[in-house]
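Peer 1: all I have is the shape, not the residue letters:
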């Protein structure tokens, strides 16, 4: 989901000219595909100017737009609400005047007509003709001049048309409007629902264009990167990155240190699939390379040239990975002290997750030890209170001290729980690249089930980014990988799958 600031709809609704009687009708939308002639791509800071929105839509199959909702307490929200109320109050005064003044009503009807037309598909010519005839602005102006403009009748006609055009999810909202008898309240409700219908059309169009946007983004990004290579023919950092990934795969993984539940953990089948001892192949090396990027040192300037544009996003995913590692570690330690009965309560788990997530934000501005002390004290307090509420025996003073101590040390690299959870999340992400997110969620390693939703979100973002970059830079990667992997492994057959 993305909020944008430009009020440019995807389809051309024929916007009415702005005027004093025209309120805002919907939240922000934006033109998603622009003509390359109007918006040429240029090489600035290693292809950072490639359309990020086009790329995001192409990468994310679930991408959709939502109206930007201003907080009622914000200054902008209060100003907008005041202006809207003033407009509708003014419209009511005009309609109640003797004789009635229909100037604002006409502007309103004109914009409603344009919105309805914008919701039509190209093949819906009959409905287009009906709307043009039913809301003929020349005829409506003549009726208004003679004081004969029938606003209730027109509102009913608009509602009937909205019923035909709205998505099923909006049926209930349109039906509720039919019970409103006050003409001003009805028109205001019509505008609100039309705003939602416009956003539905935007998202429908985005989904329709998604394959074209994906291909457009891939071709443009690859072409512009080739321009960069023509000027600076060097992929030294990318080569080092892939070389390190190949070396990592050739080295046996370290054994997991002991943890509170390590003796009871059974490796799931996805994990076995991801770790199967197969000969090196391009997919394996690239997957390992992208996993290494999530743990990349921010101070290391030897970042792969092919991924400079996505460095900020990869760092963000790395930060999410670290937060989830801490969160799962906190929950695992807490459950080992409080017992399965207490942790069988979804309410307690959700509360501990909210507390830990909120306090982890302070890790960005406070010393880590200080922030984790606050986390350990808050979690210990919640467990104590929950045990008391359920009539269970409270933790002894020794157990309480041990709980706080273990929670406080979770962020340290040598901490066994932190190490085990980190390896398991790393393994889960590797499974996502091999088997997909949904299959990898079917059999999560021990200690990760309590953060399943968060892992699914992280895994999907990581898979989308990895897959997109493999499609864009596959030919460049293959040239490097040919020097790292023996030719006998039929590298050429892998090119199409990158």
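Peer 2: Cool, the structure landed. Quick caveat: nothing in here was measured; it's all calculated off a predicted structure. Numbering: from 1, shown residues only.
Peer 1: got the contact list for residue 300?
Peer 2: Applying CB atoms under 8 Å, 6 or more residues apart in numbering to residue 300 gives no contacts. From N, CA and C alone the C-beta is placed, and that goes for glycine too.
Peer 1: give me the distance between it and residue 291.
Peer 2: 16 Å (CB to CB, to the nearest Å).
Peer 1: elements contacting the helix or strand where residue 429 lies?
Peer 2: In this assignment (DSSP states H and E), residue 429 forms part of helix 416-435. Under the contact criterion of 3 or more CB pairs under 8 Å, 6 or more residues apart in numbering; DSSP states H and E, helix 416-435 touches helix 269-274, helix 282-293, helix 311-338, helix 437-441, helix 452-481.
Peer 1: what is the helix or strand hosting residue 198 packed up against?
Peer 2: Using DSSP H and E, residue 198 sits in helix 183-231. Applying 3+ CB pairs under 8 Å, 6+ apart, one finds that helix 183-231 contacts helix 52-59, helix 75-96, helix 103-118, helix 151-165, helix 171-177, helix 452-481.
Peer 1: what's the spacing between it and its chain's center?
Peer 2: Helix 183-231 sits 14 Å away from the centroid of its parent chain (CA atoms, centre = their mean, to the nearest Å).
Peer 1: what is the mean pLDDT for it?
Peer 2: The predicted model gives helix 183-231 an average pLDDT of 84.
Peer 1: start to end distance for stretch 352-366?
Peer 2: This stretch, stretch 352-366, spans 20 Å end to end (CA to CA, to the nearest Å).
Peer 1: who's in contact with residue 289?
Peer 2: By CB under 8 Å, 6+ apart, the neighbours of residue 289 are 241, 242, 244, 245, 304.
Peer 1: which of those are buried? Put it as a ChimeraX command.
Peer 2: Entered in ChimeraX, the line below selects the buried ones among the contacts of residue 289, by 16 or more other CB atoms under 10 Å:
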select :241,242,245,304
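Peer 1: from what I can see residue 245 touches residue 293, true?
Peer 2: No. Applying CB atoms under 8 Å as the test, residue 245 and residue 293 come out as separate, 9.5 Å apart.
Peer 1: quick revisit: with distance to residue 322, pLDDT and secondary structure added, can I get the contacts of residue 289 in JSON lines?
Peer 2: Compiled in JSON lines, those are given as follows (distance: CB to CB, whole Å; pLDDT from 0 to 100; DSSP: H, G, I helix; E, B strand; the rest coil):
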{"residue": "241", "distance to residue 322": "20", "pLDDT": "94", "secondary structure": "helix"}
{"residue": "242", "distance to residue 322": "24", "pLDDT": "93", "secondary structure": "helix"}
{"residue": "244", "distance to residue 322": "20", "pLDDT": "92", "secondary structure": "helix"}
{"residue": "245", "distance to residue 322": "20", "pLDDT": "91", "secondary structure": "helix"}
{"residue": "304", "distance to residue 322": "21", "pLDDT": "91", "secondary structure": "coil"}
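Peer 1: state the phi and psi torsions of residue 179.
Peer 2: phi -90, psi 0 (degrees, to the nearest 10).
Peer 1: tell me, how many residues neighbour it?
Peer 2: Per other CB atoms under 10 Å, the neighbour tally for residue 179 reads 8.
Peer 1: how near is it to residue 434?
Peer 2: Relative to residue 434, and taking CB to CB, residue 179 is found at 54 Å.
Peer 1: for residue 100, which three-state class applies?
Peer 2: coil (DSSP: H, G, I helix; E, B strand; the rest coil).
Peer 1: contact partners for it?
Peer 2: Counted by CB under 8 Å, 6+ apart, residue 100 has contacts 94, 147, 149.
Peer 1: distance check, it against residue 302.
Peer 2: Residue 100 sits 73 Å away from residue 302, going by CB to CB.
Peer 1: now do residue 80
Peer 2: Residue 80 is 48 Å from residue 302, where distance means CB to CB.
Peer 1: between these two, which has more neighbouring residues?
Peer 2: Neighbour count, other CB under 10 Å: between residue 80 and residue 302, residue 80 has more, with 15 against 12.
Peer 1: residue 280 belongs to a strand?
Peer 2: No. Counting by three-state DSSP, one finds residue 280 to be coil, located in no strand.
Peer 1: for stretch 388-395, measure first residue to last.
Peer 2: 10 Å.
Peer 1: how is this structure partitioned into domains?
Peer 2: Annotated domains of the chain cover 57-206, 235-497 [automatic domain parsing].
Peer 1: give me the angle between the helix holding residue 198 and helix 151-165.
Peer 2: Here helix 183-231 runs at an angle of 40 degrees relative to helix 151-165 (axes from the mean of the first three to the mean of the last three CA atoms, to 10 degrees).
Peer 1: let's number from 872 now, not from 1
Peer 2: Got it, first residue is 872 now, which makes that one helix 1054-1102.
Peer 1: picking that back up, which of the contacts of residue 1160 sits closest to residue 1221?
Peer 2: residue 1116 (37.6 Å; CB to CB).
Peer 1: in space, what's closest to residue 987 - neighbours in sequence excluded?
Peer 2: Excluding the flanking residues, the one nearest residue 987 by CB to CB, 6 or more residues apart in numbering is residue 1002, at 5.3 Å.
Peer 1: and what of residue 1155?
Peer 2: residue 1120 (5.9 Å).
Peer 1: tell me the spacing between that neighbour and residue 1192.
Peer 2: Applying CB to CB, the value for residue 1120 to residue 1192 is 20 Å.
Peer 1: who has more neighbours out of the two?
Peer 2: Set residue 1120 next to residue 1192 and count neighbours by other CB under 10 Å: residue 1192 wins out with 20 against 17.
Peer 1: so the more buried one sits against residue 1164, correct?
Peer 2: No. Counting by CB under 8 Å, residue 1192 sits too far from residue 1164 to count as a contact (10.6 Å).
Peer 1: ok, back up a step: adding distance to residue 1081 and mean pLDDT as columns, could you present the helices and strands packed on helix 1287-1306 in JSON lines?
Peer 2: Output for the helices and strands packed on helix 1287-1306, formatted as JSON lines (distance: least, CB to CB, whole Å; pLDDT from 0 to 100):
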{"stretch": "helix 1140-1145", "distance to residue 1081": "28", "mean pLDDT": "46"}
{"stretch": "helix 1153-1164", "distance to residue 1081": "23", "mean pLDDT": "92"}
{"stretch": "helix 1182-1209", "distance to residue 1081": "19", "mean pLDDT": "90"}
{"stretch": "helix 1308-1312", "distance to residue 1081": "18", "mean pLDDT": "93"}
{"stretch": "helix 1323-1352", "distance to residue 1081": "12", "mean pLDDT": "90"}
